[in-house]
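S.K.: Take this sequence and fold it.
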Amino acid sequence: MNVLCVIPVRGGSKGVPGKNARVVAGKPLVVWTIERALAVPGLDVLVSTDDPTLAEIAREAGADVPFLRPAELAQDTTPTEPVVRHAIDFRTAEGRRPDAVMLLQATSPVRLPGTLERAVAQFAAGGVDALVGVVPQTPFFWRLGGEPDGGARAAYDVAARPRRQELGAADYHYFENGSLYITRTEIYEQQNNRIGGRVGLFVLDEREGVDIDTLVDLRVAEQVLAELNEGVEQ
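M.R.: Down below sits the predicted model:
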């Protein structure tokens, strides 16, 4: 299977300015994602960016950066799907239309060795059209205004509250943290969406759930990445 890996990174960022180029645990943030992707045999790793500095960082890390993304696809309000479609169309014009696309967000930089290889294998064997990376969460969630009297509603049976060690896979909720998606190319082409058709879940390690939106998230990611880099948590 021919899999195109798209890593979209913009030069602008409101939450943490310049975060994709920011050095985190000794490397520019985007490099953590590029290096994990390049470790997967046969994966076509393409970085889509509008920023010349990020393009140079990505090339030095070994990724293909065959274009600078058009300005209309690099706005604060630009969804990710048109960015991926742009990359698909570029490869298709080269005569290299992929069978599937792996979308990796650089703002979720923590991925354990072997995670991406396992995801590709699960996608190839699972017969799904889209695979979504998720982190398991206990069911102890609440929703405001869920009851007729306006009170809060629990997502679990409060009269029979389970112990965590008694929970099975079906008892958990699964949080889509944006780290990883693998999608058949025709889903993007027909539905302009990273999720469509028959969907499967790829369960990530709890440490891989870090998503950087704030400086606090950045500090957490730096700590986890530093530990992984030193071989403390393998």
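
S.K.: gap between L43 and P8?
M.R.: 16 Å (C-beta to C-beta, to the nearest Å). All C-beta atoms are positioned from the backbone trio N, CA, C, and that covers glycine.

S.K.: Which one's more surrounded, these two?
M.R.: Each of L43 and P8 has its neighbours counted (other C-beta atoms under 10 Å); P8 has more, 24 against 18.

S.K.: Return the residues in contact with the more buried one.
M.R.: Contact analysis of P8 by C-beta atoms under 8 Å, 6 or more residues apart in numbering lists V47, S48, T49, R69, T80, V83, V84, L103, Q105, A106.

S.K.: Let me see the backbone angles for L46.
M.R.: L46 adopts backbone torsions of phi -120, psi 130, taken as degrees, to the nearest 10.

S.K.: check contacts around the nearest residue to it once chain neighbours are set aside.
M.R.: Spatially, and ignoring its direct neighbours in sequence, L46 is nearest to D64 (5.1 Å; C-beta to C-beta, 6 or more residues apart in numbering). Neighbour list for D64: D44, V45, L46, V47 [criterion: C-beta under 8 Å, 6+ apart].

S.K.: Now do the SS call for the second one.
M.R.: Translated: V45. strand (DSSP: H, G, I helix; E, B strand; the rest coil).

S.K.: isn't it right next to A37, touching?
M.R.: Yes - between V45 and A37 there is a contact under C-beta atoms under 8 Å: 4.6 Å.

S.K.: tell me, what's touching the two both at once?
M.R.: Both V45 and A37 are contacted by C5, I7, A63, under the criterion C-beta under 8 Å, 6+ apart.

S.K.: Where does the residue nearest the centre of the chain fall, secondary structure wise?
M.R.: Centroid-nearest residue in the chain, with C-alpha atoms, centre = their mean: S179, separated by 1.9 Å. Assessed by DSSP states H and E, S179 sits inside strand 173-184.

S.K.: Could you say which helix or strand holds the residue located most distally from the centre of the chain?
M.R.: What lies farthest from the middle of the chain is D149; by C-alpha atoms, centre = their mean that is 39.0 Å. D149 is part of no helix or strand, with elements assigned from DSSP H and E.

S.K.: Low-confidence regions, the chain specifically.
M.R.: Scanning the chain for pLDDT under 70 picks out 12-15, 146-147, 231-234.

S.K.: What residue, apart from its backbone neighbours, is nearest N193 spatially?
M.R.: Ranked by C-beta to C-beta, 6+ apart and with sequence neighbours excluded, the top spatial neighbour of N193 is E81, at 6.0 Å.

S.K.: What strand or helix carries V224?
M.R.: Using DSSP H and E, V224 sits within helix 215-229.

S.K.: Could you give me the buried positions within that helix?
M.R.: Within helix 215-229, the residues scored as buried using 16 or more other C-beta atoms under 10 Å are D217, L218, V220, A221, E222, V224, L225, L228.

S.K.: what residues are up against the first one?
M.R.: Contacts were defined as C-beta under 8 Å, 6+ apart; by that measure D217 touches V16, V210, D211.

S.K.: what about the first one, distance to L225?
M.R.: The gap separating V16 from L225 is 15 Å, by C-beta to C-beta.
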